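*Asks:* predicted coordinates and the sequence they were generated for:
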Amino acid sequence: MNIFQEIWKSIVRRDPLSTDKGKSELVFMNVWLHIHPAKVKKENMKFTHSFYLGFITFFLFIILVTTGIALMAYYRPYPPHAYQDMKDLQFVVFMGPFLRNMHRWAAHGMVICVFLHMCRVFYTGSYKKPRQFNWVIGVFLLLLTLGMSFTGYLMPWDQLAYWAITVGTNIGSYAPIVGGQLRELLLGGHTVGEAALLRFYVLHVALLPAVLILFTIVHFWRVRKDGGLSRPLWKLKKKTPPQLVTIGAPAEVAALQTVPASTTKTYGLMEVVTGKPIFETIAPEEADEEVFSYPYAFVREAVTLMATVTTIMTISLFFNAPLEELANPAKTPNPAKAPWYFLGLQELVSHSALLGGVVIPGLMVVALLLIPYIDRNPSRHLRDRKWALWIFTIFVVANLILIVIGTFFRGPGWALVPPWVHVTGGVE
Amino acid sequence: MERRLQQIFFALSFLALALIIAAGWQADTPKWKDYQKNYHALEAQGEPNAVAKATVIATRPEVHQVMLTGLQRVDRCTTCHLGVEDPTMKDAPEPFTYHAGLGPHVPSKFGCTICHGGQGLATDKDNAHGNVQFWQTPLLPKEYIRASCGRCHKEGDVPGVPELTEGKRLFNTQGCRGCHKLNGVGGSIGPDLTEEGAQHRSPEWLAQHFLTPNAVSAGSAMPNFHFTKEQAKALTYYMLSLTSEDMGSYYSSERSIPGPEYGRQLFAEKNCISCHAIGGEGSKTGPDLLGVVKRHSPEWLDEQLVNPELVYPGSAMPAYDLDPNSRKALLAYMAVATPEDAHLLLANQSRTLKPEEIAIEAGKQDFARFGCVGCHGTELQGGVPNPNAQGGEVPSLLHLSDDYTKDEVVAVIKEGRMPPLDNPKGPTPPLYMPSWKNLLSREDINRIVDYLWSKQQQKKADNW
């Protein structure tokens, strides 16, 4: 054995990938891949079931971390340097605009994909037992993503950033009793200033990403422990819904199913610790649908990753992230708008500060968190869930309509102005 | 399907690589590199031998920038405008042309944007010239560039820019402050003008605004002052120079340009004439100053002004605390002072006012300085149109004493008031009397009222 082979063997200890043992060892002997099961059910990986929205969201996050770290090398979270650094990125840093564009567009993409992912999970009923808690984690991840995007919005320290954050934090201050103090804690003062920029920076690059990563780990872990990727609706049995067998699931759900120890096999393919091999979520009659994760799942994930990356890159090549004038606290743009995903809220606030800024969004978040516990209907079939579907659809459509109105139909003084009407003298 | 997916993966990977290369290419081929290449080619023409030519042409392209820490600016204009400091580029085409006539304002110390406007940080034409959305100060048109002189040279007169002096004079005498605040002093009917030069307003807009306020700003309360075109231009110059931007100690120390006019003012202020004479006009206590600049070197004279005793032991001349620019201004005046002028200075000095006259004179000054004349007129005649106010115009102040007591007038100045309406259902008149209690002291107001009373015209005897 020559030295190179020896080095290779010291790194890669699995059997060759041509063997089944090698394919499963690739997964469970690799720290990065072991979040996957060694085998997946083909139908669960069907694109039309999940649209890979969770994967896309995760890959967008990877893009954001990568570009974000690169951007940190050029950024000082202190006005007015922050703005000058934006200009330097735009004009003198090699590929600076491309870098910033990728970060910006990936951030918007992540907000959208997290939301779409949530919709997909709802419509396929994938939040139901035993996945209730993972839905709750998911809602927190949605809120964290919004928090990441919102804190990042201030970083360029231009008029857009300054006033969006001013408006956004004002919405928060409508909360009774604690609202004002919360805003002050967040801003480090009564107005958006140096302290606010520093605090938002710390939140944006340290605290929120750390929490987001921790929650993501729990989210992924739970996917595995709650029975793997959810079954597509078309695979659900009509009369007797399959009882998912989950390691660690309460005993009354179902008995732990085991496969009789084979006389020919001398190894287990799964997370065998001691004793007999245990397969999760496998009813014996479904075993034939199973394939090894390598390459079936991995190639799909890899394609999704590259599709996400190339899409963001293409957009970044042709569309520049906005950068307005240097933030000027004395010059309020009219109308001053929050980031687009909060414009639904701002629209509500324009009608009633307390109701629209606190009560409704508060109830919305609580309702989202409690969905799996309120909706006790065990069926995942669309025809059995008319009420739930209607309510959720109204929630989604109402949100979208409010955001569209706030984004495109609101002019100076928050007056109703269609986007095709040009209003002059917006500023002053 | 599996095979197809692998192919798609590889295709997408290549696409990603291609996109990165495209982005790199986009970043690596900015227009300024072409400009630099052309400039080096132009430079190479002047080189004597082939080796030197090759060295010049092979110069690496790089962003040139002037870091102006004192101005908190970074100007990258010289990345393309490469010949601004090279006199041999006098006839080179733009953007390489030499900038003649800069005097002490060398780009390495002042940059470009401080005078020209534009976006110093940018490295492409549209952005650098500031003709883009979200940049407030595009390049100033050629005929207005000199307005920028006033951004640093805030005091005294700026040689070569009479427009600034004239604009400032008009601002202070036409009563603009009655409606507009400048550096915290003035009324609040119109916008604060302290930062007017930093606003995104084109000089053309400003000039038009002074000629016909309503034409460019519909419904503006600003009366038409019937300025001439030259006056409008002068005011525009002055407006463009208004900014509270901190110009840094290096630049602001140079702001008052020593000119003879300022020197004459100092000469009168410090009462030099009480000891010195010019060509026999004045006192004989000190030496006659006619032609003094020819008798001594500027250094000697400067030292003399700083510390007379050191130069002339036993000199009776007191040491005046004059800054370097004031000393230069005095010397500039010495160079042009004539006996006739000294005579005039003497005449002014000898005209003594009675104490009550002094108070009224001060009131008159205040009336002009705080902009009352803008609406009420330099002769208190009023007459500025004010639609839907009683009489349709700002009232004359020549008959105040008929209807008011002094205390009532003091109260109106202090608290301000809305004019009575012609038509109670009509629109609010654009002009009104602002409250002055925060800007004027009690003494100021009393002096102004005394001045007003000194001007009251008696009702004609046959009125009854």
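*Replies:* Alright, I've got the coordinates.

*Asks:* can you name the residue of chain B nearest chain A?
*Replies:* Closest to chain A within chain B is B:Leu12: 3.6 Å, counting by C-beta to the nearest C-beta. All C-beta atoms are positioned from the backbone trio N, CA, C, and that covers glycine.

*Asks:* I'd assumed A:Thr304 was in contact with that residue.
*Replies:* No - the criterion here is C-beta atoms under 8 Å, and B:Leu12 misses it with A:Thr304 at 9.7 Å.

*Asks:* up against chain A, what does chain B have?
*Replies:* B:2, B:5-6, B:8-9, B:12-13, B:15-16, B:19-20, B:22-24, B:26-28, B:63, B:72, B:74, B:76, B:121-124, B:127, B:134-136 (C-beta under 8 Å from any C-beta of the partner chain).

*Asks:* list the ones among these that fall in strands.
*Replies:* B:Val74 (DSSP state E).

*Asks:* filter the residues of chain B next to chain A down to the buried ones, PyMOL style.
*Replies:* The PyMOL selection below is limited to those of those classed as buried (16 or more other C-beta atoms under 10 Å in any protein chain shown):
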select buried, chain B and resi 9+12+13+15+16+19+23+74+76+121+122+123+124+127+134+135
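
*Asks:* what about the residues of chain B next to chain A, which are in helices?
*Replies:* B:2, B:5-6, B:8-9, B:12-13, B:15-16, B:19-20, B:22-24, B:26-28, B:127 (DSSP state H).

*Asks:* what's the burial count for the nearest residue to B:Gly184 once chain neighbours are set aside?
*Replies:* Spatial nearest neighbour of B:Gly184, chain neighbours left out: B:Thr194 (7.4 Å); criterion: C-beta to C-beta, 6 or more residues apart in numbering or on different chains. Other residues near B:Thr194 come to 17 when the count uses other C-beta atoms under 10 Å in any protein chain shown.

*Asks:* show the contacting residues for residue 23.
*Replies:* Just going to use chain A. Contacts were defined as C-beta atoms under 8 Å, 6 or more residues apart in numbering or on different chains; by that measure A:Lys23 touches A:Leu17, A:Ala38, A:Phe292, A:Ser293, A:Tyr294.

*Asks:* switch to chain B, that's the one I care about
*Replies:* Going by C-beta under 8 Å, 6+ apart, the list of residues near B:Ala23 reads A:Met95, A:Phe98, A:Met313, A:Ser316, A:Leu317.

*Asks:* can we see that at 10 Å?
*Replies:* A:Phe94, A:Met95, A:Pro97, A:Phe98, A:Leu99, A:Asn101, A:Met102, A:Met313, A:Ser316, A:Leu317 (C-beta atoms under 10 Å, 6 or more residues apart in numbering or on different chains).

*Asks:* what's the answer for A:Phe58, then?
*Replies:* Counted by C-beta under 10 Å, 6+ apart, A:Phe58 has contacts A:Tyr52, A:Met110, A:Cys113, A:His117, A:Thr216, A:His219, A:Phe220, A:Glu301, A:Thr304, A:Leu305, A:Thr308.

*Asks:* is it true that the second one touches A:Thr57?
*Replies:* Okay, so that is A:Met110. Yes - at 5.9 Å, A:Met110 counts as touching A:Thr57 under the criterion of C-beta atoms under 10 Å.

*Asks:* now do the shared contacts for the two.
*Replies:* In contact with both A:Met110 and A:Thr57: A:Thr145, using C-beta under 10 Å, 6+ apart.

*Asks:* quick one: B:Ala198 and A:Lys331, what's the gap?
*Replies:* 10 Å (C-beta to C-beta, to the nearest Å).

*Asks:* shared neighbours of these two, anything?
*Replies:* By C-beta under 10 Å, 6+ apart, the residues touching both B:Ala198 and A:Lys331 are B:Gln136.

*Asks:* spit out the contact partners of the residue in the stretch 251-400 of chain A positioned nearest to chain B.
*Replies:* Closest to chain B within the stretch 251-400 of chain A is A:Met306: 3.6 Å, counting by C-beta to the nearest C-beta. By C-beta under 10 Å, 6+ apart, the residues touching A:Met306 are A:Phe59, B:Ile8, B:Phe9, B:Phe10, B:Ala11, B:Leu12, B:Ser13, B:Phe14, B:Leu15, B:Ala16.

*Asks:* low pLDDT regions in the stretch 1-150 of chain A?
*Replies:* A:1 (pLDDT under 70).

*Asks:* so which bits of it are right by chain B?
*Replies:* Taking C-beta under 10 Å from any C-beta of the partner chain as the contact definition, the stretch 1-150 of chain A meets chain B at A:80-81, A:83-84, A:86-88, A:90-99, A:101-102.

*Asks:* where do the helices of the stretch 101-250 of chain A begin and end?
*Replies:* Per DSSP state H, counting those that start in this stretch, the stretch 101-250 of chain A carries helices over the ranges A:132-154, A:159-172, A:179-187, A:194-202, A:208-225.

*Asks:* and of the ones you listed, who's closest to B:Pro424?
*Replies:* Closest to B:Pro424 of those is helix A:159-172 (C-beta to C-beta; 39.1 Å).

*Asks:* I'd like the distance from the closest one to the chain centre, please.
*Replies:* 23 Å (C-alpha atoms, centre = their mean, to the nearest Å).

*Asks:* other SSEs contacting it?
*Replies:* helix A:81-91, helix A:132-154, helix A:179-187, helix A:194-202, helix A:343-351 (3 or more C-beta pairs under 10 Å, 6 or more residues apart in numbering or on different chains; DSSP states H and E).

*Asks:* which other helices and strands contact the longest one?
*Replies:* Read that as helix A:132-154. Helix A:132-154 packs on helix A:53-72, helix A:96-123, helix A:159-172, helix A:194-202, helix A:208-225, helix A:360-374, going by 3+ C-beta pairs under 10 Å, 6+ apart.

*Asks:* for the fourth one, same thing?
*Replies:* With contacts defined as 3+ C-beta pairs under 10 Å, 6+ apart, the packing partners of helix A:194-202 are helix A:81-91, helix A:132-154, helix A:159-172, helix A:179-187.

*Asks:* for these, give me a markdown table that also has mean neighbour count.
*Replies:* Formatted as a markdown table, these follow (neighbours: other C-beta atoms under 10 Å in any protein chain shown):
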| stretch | mean neighbour count |
| --- | --- |
| helix A:81-91 | 20 |
| helix A:132-154 | 20 |
| helix A:159-172 | 22 |
| helix A:179-187 | 16 |
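
*Asks:* closest one to B:Pro427 among the ones you listed?
*Replies:* Closest approach to B:Pro427 among the helices and strands packed on helix A:194-202 (C-beta to C-beta): helix A:159-172, 31.9 Å.

*Asks:* good, we can wrap up now.
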